[in-house]
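Trainee: any chance you could fold what I've pasted below:
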Amino acid sequence: MEFDAGSFFDVCTVHNCKKRRALKGLITPLNESMRETEASLPILYSPGYYTKPSLEELVAQELLDPGYCTRVPNFTVGRLGYGSVRFLEKTDVRGLDLDHIVKFYKHEIVVYSDENDKPAVGQGLNKAAEVVLVLDTELLKSKDRKDDFLVKKVKQSTERQGARFISFDLTTGEWKFLVDHFSRFGFGEDDEEDIVMDDADGEMYDDDKEPSTNMNGIELSHSLPAHLRLDPVKMREMRLLMFPHEEEPEELSHKASISKEYARPLQNSAQAMPHRSTPPIARKTPFPLLEYKHGSFDANSPGSILMVQQHKGMPLKTIKAEGFKLDLKHETPVSTNYARNIVDAGLFMGKSFRVGWGPNGILLHSGAPVGSGSEYKVLSSVVSLEKVAFDNFVRDENNKVSEELVESALISPLNFHKEINHVKEEVRIGPCKLKLLKLEANCSMLSDISHGYCDIIERQLTVPGLSSTTRLGLTHQVMTWELIRVLFFDRKQKGQVESLGADNEEDMMQDMKEVYQDVDQEALPLMRRAEFSYWLRESVSYHVQNQISSLNDSDYLQHVFVFLTGRQLDEAVQLAASKGDVRLACLLSQAGGSTVNRSDISKQLDIWRKKGLDFSFIENDRVRLYELLAGNIHDALHEVDIDWRRFLGLLMWYKLPPDTSLPIAFRTYKHFLDEGRAPYPVPLFIDEGPSEEAISWNADKHFDISFYLMLLHSSEEREFSFLKAMFSAFSSTPDPLDYHMIWHQRAVLEAVGVIKSNDLHVLDMGFVSQLLSLGKCHWAIYVVLHLPFREDCQFLHVNLIREILFQYCEIWSSDESQQQFIEDLGIPSEWIHEALAIYYNYNGDLPKALEHFLQCANWQKAHTIFVTSVAHSLYLQAKHSEIWRIATSMEDHKSEIENWELGGGIYISYYLMRNSLQGDTNAMTQLDSLQSKNAACQEFVSQLNASLAVWDRKLPVDARLVYSKMGSEICDLLLSAVGEGASRDEQFSCFDTAFSAPVPEDVRSGHLQDAVYLFTSFLSEIAT
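Mentor: Prediction:
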């Protein structure tokens, strides 16, 4: 038997791209052996696929060694750019339909996708093989992820699928592993999402611990079609029709078949992909939230708001009812839990659901925050409704909102702020006018302003049931207001003093003249230094007393040192004298005074060191005291921890000259701080909290607001880079959402000219959120009006105020005092009425909605409600005057209303027509002849019919009934006007008009009978 191998391979090369069945048509039909060889070859038509040995080589080997195709060693099937599979045992390839058996997709391989066609293990191609898949490493890699991380994730994915990992080449992306038998293997969408998620939260979890997303072996349904009771396969087909470029068409049958397999509830055998807990269902098509109703959330029925119209009211069938839950142990503004927690808003319902904010700080998300220290990590599929704790500052020790605290902590400071003089600036923003507010004050008023706020805070301290954290925060607020007064109160201003109210202006002027008229201007810096020294002594007294109580009474020198750190000289001197240490008492009595004494003590210490004095004979605490009195504060503080306020005090009291101004003292402390030789000015809640927190606080964190105030005082500029950090919540309170007092402090400092900033909107909006969470909408608008106007955000005030009015309409509309307050602020009445109109329209109170739409000049919306919902109801109640009032109020604006003549204009036409037909002398139109009456009625009937056609289903049954009644009444009046003097044509024309009217059939039958009688009479007359 002869065979021309060269010509054979040349022809096969030409047809290689189409992969025809082994040389079909190329082998001579007359050669029977060629037919047998052709029948023994596998079938492979799919483009991009290949075999090793190739089909050409299989033909050659079969011709040389008959029966070779029954025992092909290392038979390989591959797809260019996707991967290959090599079967380890000898394979019988005869008649194998490789197009349907072996399919390669992106990052995955499927052999025998149809379980019904799959042979037993070891038969056909369902046997051990080596698989090579080409992964897109650029898609899976990120800048910050190390290569070994990706290798580890691929290895974990291999083991999770029951395969044996061989290697993974990061350069080529080739992933090689061994399998014992086949179904589906690969790197799916869920694995890619896991890598992205693990990369974002790599610090949170231990990568060496394998995640267990299905602890009980229960299949979980996370796809949107499954939750909406839709067929996932049909949904995927629809998506591919709409977005054909998202996925290759040939992949549809593969993934659809997999989806069908998972749709079978009983198919969970070992052969049906046991490694896969969720089907690879598409998650790209977003679906809207349907049938949302406020207040309909139920913690026991997660996902109930996401049901389509046809399934509303039916119980939601879930495979695993509870979803996932994790215990959270750290505190945070959201549901009192803190730390690096994430919410998987993408997994739930196919990425169609996102984290969303509702009114009053309500956070709606698709699962409990994930971030546990347990050995496994899971994702949540439960809809959670939580509320952000904006109101912690008004909660008592039982975590209950106290109305007394709301009044004292929120309302009283705002009332006091409102009593201070304001400048009103009228700004035109588009078609609207707003009166923006700005606090007006000067430095000479700071004393009264700060005392006013301090009195309010002190009254708040008398409220029973305050927690220790709240008391600490209130104390800090008092000290902050006192520091503002000390640093920025100006005694030199002799001009006009702006009053806090008309009643105390003369008294305040008189007091200031009496106190400050004889003060030497050169002594003012020293007076300010003395007041600051007193403030500093008071602010550190808490630390001093706590440290004294913890010391051993036997070591009085330590007590003396602690007294000195708080500038409590009298106590230190008395203690030293009571212990018989008279010399030390004398030195202490001169502490912080003349620099000569400091110099003498410093020289004495130097002499002792030069003379080689053995300091071991002197107590260490005594040497520490000598170093402090000599002004060597760093030597005195060796191995001693001290807070930043006392360090600043030691610097000012014992190191710097007593006549040093405050700016120089503050700059010196800042210099030591930059060098790392001074404690960080941590906020009070850290300073007086656990020592570990103070140690962990670093320069990158926010400093205490007192330190920022000192920086303001020491600088001559009025624009600073640290204002955002200064007025953040963390600068004065542990609550990151509490801005209620910082807002007042910022407003006062801006009013007196200490600072100037237009970009502190986070502070303003934080305070607005707090007010809204407590239902104080009117005060929230008051705060918004204090926002500075910016040319690049001209509509900021408009958008914010309208948003508040619309979202919180239920709250402020039910409180007359709030509504009056908002009107007094000069908010345009159109906005108020529009918000009320939408609120009443949403709640189904359409008559009220109509009135407010009229008030806000929304004529089109008012017209629609009037025609479809209100007019017919008023007509059936015989309230014709009310219909006339509403219709005529819109008539002047009919050019702005679509279909006016076929809507509200019908009722005006009806009343005018009725009055004319009834012979009303006051009617605007007098109809004399029957012909003119008939013409007018025909026009009205045509108007009714056209209106019915235009509004169609928008008109309820009652509205159609009213149209019938109006048509019947007008036709009755027209026919009643038909007398003997009218011609037969005119009479028949009137009946024709009545027949065309939208009247009930019984009325139409009555008219027909009358017309027949008339026609019979006419025939009788002709006959006679």
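
Trainee: what about the stretch 851-1000 of the chain, any weak spots by pLDDT?
Mentor: Applying pLDDT under 70 to the stretch 851-1000 of the chain picks out residues 920-928, 979-981.

Trainee: which parts of it are helices?
Mentor: 859-865, 871-876, 880-891, 904-917, 930-951, 957-976, 984-996 (DSSP state H, counting those that start in this stretch).

Trainee: what's the answer for the stretch 401-550 of the chain, then?
Mentor: Remark: helices assigned in the stretch 401-550 of the chain by DSSP H, counting those that start in this stretch are 403-406, 412-419, 446-461, 468-488, 505-516, 524-550.

Trainee: which of those sits most buried?
Mentor: helix 468-488 (a mean of 20; mean count of other C-beta atoms under 10 Å). Any C-beta I mention is one placed from the backbone N, CA and C, and that applies to glycine too.

Trainee: can you list contacts of it?
Mentor: Contacts to helix 468-488, defined as C-beta atoms under 8 Å, 6 or more residues apart in numbering, come from residues 393, 443, 446-447, 450-451, 453-454, 457-458, 460-461, 466, 528, 531-532, 535, 538-539, 662, 684-685, 688, 705-706, 709-710, 712-713, 732-735, 738, 741, 745, 748-749, 752, 754.

Trainee: quick one on the thing from earlier: including mean neighbour count, could the helices of the stretch 851-1000 of the chain go into a markdown table?
Mentor: What follows is the helices of the stretch 851-1000 of the chain, written out as a markdown table (neighbours: other C-beta atoms under 10 Å):
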| stretch | mean neighbour count |
| --- | --- |
| helix 859-865 | 22 |
| helix 871-876 | 20 |
| helix 880-891 | 16 |
| helix 904-917 | 20 |
| helix 930-951 | 18 |
| helix 957-976 | 18 |
| helix 984-996 | 18 |
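
Trainee: can you list these in JSON lines and add distance to Arg583?
Mentor: Formatted as JSON lines, those follow (distance: least, C-beta to C-beta, whole Å):
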{"stretch": "helix 859-865", "distance to Arg583": "91"}
{"stretch": "helix 871-876", "distance to Arg583": "100"}
{"stretch": "helix 880-891", "distance to Arg583": "97"}
{"stretch": "helix 904-917", "distance to Arg583": "102"}
{"stretch": "helix 930-951", "distance to Arg583": "105"}
{"stretch": "helix 957-976", "distance to Arg583": "105"}
{"stretch": "helix 984-996", "distance to Arg583": "123"}
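
Trainee: CA atoms of stretch 880-889 as CSV?
Mentor: Written as CSV, here are the backbone C-alpha positions of stretch 880-889 (Å, rounded to 0.1, in the frame of the first residue of the first chain):
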residue,chain,number,x,y,z
HIS,A,880,-68.3,73.1,42.9
SER,A,881,-67.0,76.4,44.3
GLU,A,882,-63.8,74.7,45.4
ILE,A,883,-63.3,73.2,41.9
TRP,A,884,-63.9,76.6,40.4
ARG,A,885,-61.3,78.2,42.8
ILE,A,886,-58.6,75.7,42.0
ALA,A,887,-59.2,75.7,38.2
THR,A,888,-59.3,79.5,37.9
SER,A,889,-56.1,79.8,39.9
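
Trainee: hmm, who's touching it?
Mentor: In contact with stretch 880-889 (C-beta under 8 Å, 6+ apart) are residues Leu850, Leu854, Phe866, Val870, Ala871, Leu874, Tyr875, Gly904, Gly905, Tyr907, Ile908, Tyr911.

Trainee: pLDDT weak spots in the stretch 501-650 of the chain?
Mentor: 501-520.

Trainee: about what we covered before: which among the helices of the stretch 851-1000 of the chain is found nearest to Phe104?
Mentor: Taking C-beta to C-beta, helix 859-865 is the member of those nearest to Phe104, at 57.9 Å.

Trainee: figure out how far that closest one is from the centre of its chain.
Mentor: 34 Å (C-alpha atoms, centre = their mean, to the nearest Å).

Trainee: for it, name the packing helices and strands.
Mentor: Helices and strands touching helix 859-865, by 3 or more C-beta pairs under 8 Å, 6 or more residues apart in numbering; DSSP states H and E, are helix 846-855, helix 880-891.

Trainee: now render those helices as a markdown table, adding distance to Pro657.
Mentor: Formatted as a markdown table, the helices and strands packed on helix 859-865 follow (distance: least, C-beta to C-beta, whole Å):
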| stretch | distance to Pro657 |
| --- | --- |
| helix 846-855 | 71 |
| helix 880-891 | 80 |
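
Trainee: so which of these comes closest to Lys424?
Mentor: Closest to Lys424 of the helices and strands packed on helix 859-865, according to C-beta to C-beta: helix 846-855, at 25.0 Å.

Trainee: can I get that closest one in PDB? Just the C-alpha atoms.
Mentor: C-alpha atoms of helix 846-855 as PDB (Å, rounded to 0.1, in the frame of the first residue of the first chain):
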ATOM      1  CA  LEU A 846     -53.500  64.500  47.300                       C
ATOM      2  CA  PRO A 847     -55.700  67.400  48.200                       C
ATOM      3  CA  LYS A 848     -53.000  68.800  50.500                       C
ATOM      4  CA  ALA A 849     -50.300  68.000  47.900                       C
ATOM      5  CA  LEU A 850     -52.300  69.900  45.300                       C
ATOM      6  CA  GLU A 851     -52.600  73.000  47.500                       C
ATOM      7  CA  HIS A 852     -48.800  73.100  48.100                       C
ATOM      8  CA  PHE A 853     -48.000  72.500  44.400                       C
ATOM      9  CA  LEU A 854     -50.100  75.500  43.700                       C
ATOM     10  CA  GLN A 855     -48.300  77.500  46.400                       C
END
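
Trainee: give the buried residues for it.
Mentor: Neighbour counts over helix 846-855 (16 or more other C-beta atoms under 10 Å) mark Leu846, Ala849, Leu850, Glu851, His852, Phe853, Leu854, Gln855 as buried.

Trainee: ok, stretch 67-86 next?
Mentor: Result for stretch 67-86 [16+ other C-beta under 10 Å]: buried residues 68-69, 72, 75-79, 82-86.

Trainee: how about stretch 821-830?
Mentor: Phe821, Ile822, Leu825, Ile827, Pro828.

Trainee: so who does the first one touch?
Mentor: For Phe821, the contact set (C-beta under 8 Å, 6+ apart) comprises His778, Tyr782.

Trainee: phi, psi for it please.
Mentor: When read as degrees, to the nearest 10, the backbone of Phe821 gives phi -60, psi -40.

Trainee: which pLDDT does the model give it?
Mentor: Looking at Phe821, its pLDDT is 95.

Trainee: poorly predicted segments of the stretch 251-400 of the chain, please.
Mentor: For the stretch 251-400 of the chain, the stretches flagged by pLDDT under 70 are 251-355, 359-360, 365-384.

Trainee: would you mind measuring from the closest residue to Gly967 other than its chain neighbours to Met966?
Mentor: Leaving aside its chain neighbours, Gly967 sits nearest to Ala997 (4.0 Å; criterion: C-beta to C-beta, 6 or more residues apart in numbering). Shown here: Ala997 relative to Met966, a distance of 9 Å by C-beta to C-beta, to the nearest Å.

Trainee: okay, and the common contacts of those two?
Mentor: Each of Leu944 lies in contact with both Ala997 and Met966 under the rule C-beta under 8 Å, 6+ apart.

Trainee: got a markdown table for the contacts of stretch 880-889, with distance to Ala887 too?
Mentor: Output for the contacts of stretch 880-889, formatted as a markdown table (distance: C-beta to C-beta, whole Å):
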| residue | distance to Ala887 |
| --- | --- |
| Leu850 | 11 |
| Leu854 | 11 |
| Phe866 | 7 |
| Val870 | 11 |
| Ala871 | 8 |
| Leu874 | 10 |
| Tyr875 | 11 |
| Gly904 | 5 |
| Gly905 | 8 |
| Tyr907 | 5 |
| Ile908 | 5 |
| Tyr911 | 8 |
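
Trainee: ok, so of those, who is nearest Glu426?
Mentor: So of the contacts of stretch 880-889, ranked by how close each gets to Glu426 (C-beta to C-beta), first place is Leu854, at 26.8 Å.

Trainee: can you add pLDDT and give the buried residues of stretch 67-86 back as a markdown table?
Mentor: Output for those, formatted as a markdown table (pLDDT from 0 to 100):
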| residue | pLDDT |
| --- | --- |
| Tyr68 | 88 |
| Cys69 | 89 |
| Val72 | 92 |
| Phe75 | 93 |
| Thr76 | 94 |
| Val77 | 94 |
| Gly78 | 93 |
| Arg79 | 92 |
| Tyr82 | 90 |
| Gly83 | 93 |
| Ser84 | 94 |
| Val85 | 94 |
| Arg86 | 94 |
